[in-house]
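Participant: no sequence on hand, only this structure:
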């Protein structure tokens, strides 16, 4: 995941940083820090990324990777 995907996923759901923090049980400061990183979040703890991707997956967000990283909402 890259920081732009994190910001884009929040935007798709119209979630604030506080909303994401609440759903992941992470601090708002952690979300802010991750969103400021330029590029990949590879150095982030696995448990932190798992909490974030889990919250987004539960809300219907899918992350795409490869040559064009992005996000999309699953069809209902």
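Facilitator: Received it, and whenever you're ready, just let me know what you need. Remember, it's a predicted structure, so these values are computed and weren't measured experimentally.

Participant: got a list of what residue 72 touches?
Facilitator: For residue 72, the contacting residues are 12, 61, 62, 64, by C-beta atoms under 8 Å, 6 or more residues apart in numbering. All C-beta spots, glycine's among them, are computed from the backbone N, C-alpha and C.

Participant: same thing with residue 59?
Facilitator: Contacts of residue 59 by C-beta under 8 Å, 6+ apart are 13, 23.

Participant: at 10 Å instead, please
Facilitator: 9, 12, 13, 15, 19, 20, 23, 73, 74 (C-beta atoms under 10 Å, 6 or more residues apart in numbering).

Participant: what's the answer for residue 58, then?
Facilitator: For residue 58, the contact set (C-beta under 10 Å, 6+ apart) comprises residue 23.

Participant: cool, the one 3 residues further on as well?
Facilitator: With contact taken as C-beta under 10 Å, 6+ apart, residue 61 is in contact with 5, 8-10, 12-13, 15, 53, 55, 71-74.

Participant: residues in a beta bridge with it, which ones?
Facilitator: Counting by DSSP bridges, residue 61 forms beta bridges with residue 73.

Participant: flag the shaky bits of the protein, pLDDT-wise.
Facilitator: The chain contains residues with pLDDT under 70 at 66, 76.

Participant: max pairwise distance over the contacts of residue 72: which two?
Facilitator: The widest separation within these, taken as C-beta to C-beta, falls between 12 and 64 and amounts to 12.4 Å.

Participant: which one's more surrounded, the two?
Facilitator: The residue with more neighbours, out of residue 12 and residue 64, is residue 12; 15 against 11, by other C-beta atoms under 10 Å.

Participant: any idea which element the more buried one lies in?
Facilitator: Following DSSP states H and E, one finds residue 12 within helix 3-13.
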